[in-house]
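*Asks:* sequence isn't available, so here's the structure alone:
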Ligand SMILES: Nc1ncnc2c1ncn2[C@@H]1O[C@H](COP(=O)(O)OP(=O)(O)OP(=O)(O)O)[C@@H](O)[C@H]1O
Ligand SMILES: Nc1ncnc2c1ncn2[C@@H]1O[C@H](COP(=O)(O)OP(=O)(O)OP(=O)(O)O)[C@@H](O)[C@H]1O
Ligand SMILES: [Mg+2]
Ligand SMILES: [Mg+2]
């Protein structure tokens, strides 16, 4: 067995919050609450789930931009959660990130050339200035930007172009793992395809692994080998892409899949609308966290938290039901 | 009468290589209650168009043409007059939430402030309305979230806060630049309903910029397809989505990733339109799409293509399109 490139074990990230206006003492917002998974070299694991379920927090905790409350993360066998800042910085070369909001992650006062060259220079990867320039030009070309972009500043670009600059920077040091947090959500369909295809190529060539955080299920279906579905800080279903898309074993996965919009009128279908509000991650429901919105909830769901169990199709789901009722 | 009429709008950024023309003679109108979608690849000038309407581009930027709204040309208004329009008569949802939110002010006070300024509401009423807006956009536990700062929210929540802010003053025109990119499908449906409701109930017009043709199908009455700052096709949403005529529009539609429902097979490559959007410094005498077009003829490179009506409520800017007889 090869070691996974990324190994996340019982990870918890709780944020301290005030409990209401008059609330005394701190409460905890359980953004990530006991999450375990691995990503193999060259593999893409997609993380999907509703807004606020803890996807970005999970990514940020793995990067140690946020400190975990509990649990451990290993990158290629090195325990990230124990590392000093100096060790971490050295490891960054192997683990890059592309954020949701490119405007806030690109320094407005740096030229695009220097933004992309930064990791090359920091990790001593490129040699002399001419070599750096050549590499920057090559990266710009790969993400579909003209060479002349190097001399300009981030604000002179469109939203999608800025996102591509961030992707070029992440690719620069040829990392083993890229955490993509909604990395292509801001892109148009054609650029999205370009970038997704580029990432797949690099995966085959360099064995790049991706933790692909996205709510865009159509893109996830293209790029992911495996998919993890999160709900209120927990993984409720994880498994091979095909199994999960074909036969979701968790009611939440099924509802998510049914809500996807399609431009062709023939393919528009009935959506399963989830009842009720997303519960608060400060006081999550007892038992199964999804039960307050689940169309199939029964007594046991409030009393007992379901564990992730393996299903006949190979995926694991945290649901007391052995099979979902047929859709009417 | 049209609510807003954009008439031959051009936007030019001065640069060392001469003026860069990001928007090039674009015309369109939005009727009250109508939702017009602007679609096109990254860098085609969608955001610059609406930033020009809002007059939010730097002082160095030059504009040509006119933007008529409620009887006035917005391009000719003073900055003081324009401030009364922004956030009041015209609400805007920006593409990148963090650039529009103040990081050191709670989200509730940001929404309330605009209500006090434009609507003259009291402190108490503006806070109540802010709370109502937060719950309308589906922020869970709004009574707690209202006193949080933007960094304490998830990406999708920030986007919804901005939507709440844009809708708070009941604008006559809502400009939504990629309003749902950070939202998952369930929340997205809720937001689209809210925007639709705004258009129906208040007769507001909506300019919707989106890459998501599924969203276009859900929400838009009419669609304008832009390429390199120019309009290449315009028509009703049904016409454009079901019978696209411009090779570029067809490419966009083919590149739309769709759920295939598992299917057991290895994920295939996604469809892309070969080539890239031209740089702004490139001079394009003919059709801007010609270098990437599979159907181009020699004349396409030399002359700007004509606007050809191909059906009722459907026009294509392409030499190869056959007109309606
Ligand atoms: N301040 C600026 N100075 C120079 N060029 C600019 C400036 N702002 C935008 N541009 C250029 O204008 C063109 C159009 O940009 P715009 O932001 O309108 O694209 P867009 O259609 O909104 O794309 P996206 O889908 O990626 O958001 C791009 O080529 C961009 O690089
Ligand atoms: N710095 C912070 N302080 C306090 N709470 C936070 C902080 N960052 C995130 N949260 C909270 O943690 C929860 C999870 O947020 P996170 O950003 O991880 O969600 P997400 O799944 O990425 O959502 P989205 O799809 O909207 O980006 C949310 O309730 C959010 O408000
Ligand atoms: Mg997020
Ligand atoms: Mg834009």
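*Replies:* Cool, the structure landed. Bear in mind the structure is a predicted one, so any value in this text is a computation, not a measurement. Ligands and ions are numbered 1, 2, ... in the order given.
*Asks:* so how far is stretch A:61-74 off the chain centroid?
*Replies:* Computed by C-alpha atoms, centre = their mean, to the nearest Å, the separation of stretch A:61-74 from the middle of its chain amounts to 14 Å.
*Asks:* who touches that stretch?
*Replies:* Stretch A:61-74 has contacts (C-beta atoms under 8 Å, 6 or more residues apart in numbering or on different chains) with A:4, A:6-14, A:32, A:34-35, A:57, A:60, A:79-83, A:88, A:95, A:97, A:179, A:211. For glycine as for every other residue, the C-beta is placed from the backbone atoms N, C-alpha and C.
*Asks:* can you narrow those residues to ones near ligand 2?
*Replies:* Restricting the contacts of stretch A:61-74 to those adjacent to ligand 2 (criterion: C-beta under 6 Å from any ligand atom) gives residue A:57.
*Asks:* which of the contacts of stretch A:61-74 count as buried?
*Replies:* A:4, A:6-9, A:11-14, A:32, A:35, A:57, A:60, A:80-81, A:83, A:95, A:97, A:179, A:211 (16 or more other C-beta atoms under 10 Å in any protein chain shown).
*Asks:* which residue does the stretch 201-328 of chain A have closest to ligand 2?
*Replies:* When scored by C-beta to the nearest ligand atom, the stretch 201-328 of chain A has residue A:281 as its residue closest to ligand 2, at 5.2 Å.
*Asks:* isn't there a helix covering that residue?
*Replies:* No. The assignment for residue A:281, made by DSSP: H, G, I helix; E, B strand; the rest coil, is coil rather than a helix.
*Asks:* does it really touch residue A:57, like I thought?
*Replies:* No. At 9.9 Å, residue A:281 does not count as touching residue A:57 under the criterion of C-beta atoms under 8 Å.
*Asks:* ok so, going back, of the buried ones among the contacts of stretch A:61-74, list those near ligand 1.
*Replies:* Filtering the buried ones among the contacts of stretch A:61-74 for proximity to ligand 1 (criterion: C-beta under 6 Å from any ligand atom) leaves nothing.
*Asks:* so which of those are in helices?
*Replies:* A:57, A:60 (DSSP state H).
*Asks:* circling back to that earlier point, and the residue of the stretch 201-328 of chain A closest to ligand 2, how many neighbours?
*Replies:* 24 (other C-beta atoms under 10 Å in any protein chain shown).
*Asks:* show me which residues of chain A are close to ligand 1?
*Replies:* Applying C-beta under 6 Å from any ligand atom, we find that chain A lies next to ligand 1 at A:155-161, A:188.
*Asks:* for residue B:104, state which of those residues is nearest.
*Replies:* Comparing the residues of chain A next to ligand 1 against residue B:104 with C-beta to C-beta places residue A:155 closest, at 21.2 Å.
*Asks:* residue A:220 contacts residue A:46, correct?
*Replies:* Yes. Using C-beta under 8 Å, residue A:220 is in contact with residue A:46, at 4.3 Å.
*Asks:* shared neighbours of those two, which are they?
*Replies:* Common neighbours of residue A:220 and residue A:46, using C-beta under 8 Å, 6+ apart, are A:212, A:214, A:227, A:241.
*Asks:* next up, the contacts around the first one.
*Replies:* The contact partners of residue A:212, taken as C-beta under 8 Å, 6+ apart, are A:44-47, A:180, A:183, A:220, A:223-224.
*Asks:* among those, which ones are buried?
*Replies:* Of those, these count as buried by 16+ other C-beta under 10 Å: A:44-47, A:180, A:183, A:220, A:223-224.
*Asks:* where do the strands sit along chain A?
*Replies:* Per DSSP state E, chain A carries strands over the ranges A:6-18, A:26-39, A:44-48, A:70-75, A:78-79, A:95-98, A:177-181, A:209-213, A:226-231, A:234-240, A:309-310, A:316-317.
*Asks:* swap in the stretch 101-250 of chain B?
*Replies:* Secondary structure of the stretch 101-250 of chain B by DSSP state E, counting those that start in this stretch: the strands cover B:173-177, B:205-209, B:222-227, B:230-236.
*Asks:* can you tell me if stretch A:288-305 touches chain B.
*Replies:* No. Stretch A:288-305 is not in contact with chain B by C-beta under 8 Å from any C-beta of the partner chain; minimum separation 9.9 Å.
*Asks:* max-length helix in chain B?
*Replies:* helix B:185-202.
*Asks:* any part of it near chain A?
*Replies:* Yes. Using C-beta under 8 Å from any C-beta, helix B:185-202 reaches chain A at B:185-189.
*Asks:* wait, residue A:317 sits on residue A:250?
*Replies:* Yes. Counting by C-beta under 8 Å, residue A:317 does reach residue A:250; the two are 4.3 Å apart.
*Asks:* shared neighbours, the two?
*Replies:* Applying C-beta under 8 Å, 6+ apart, one finds that residue A:317 and residue A:250 are jointly contacted by A:236-237.
*Asks:* okay, now the domains of chain B?
*Replies:* Recorded structural domains for chain B (assignment: automatic domain parsing) are B:4-89+B:172-257+B:268-317, B:96-168.
*Asks:* so what's the residue count around the spatially closest residue to residue B:218 that is not a sequence neighbour?
*Replies:* Excluding its sequence neighbours, the residue lying closest to residue B:218 (C-beta to C-beta, 6 or more residues apart in numbering or on different chains) is residue B:192, at 5.3 Å. Neighbourhood size, residue B:192 [other C-beta under 10 Å]: 20.
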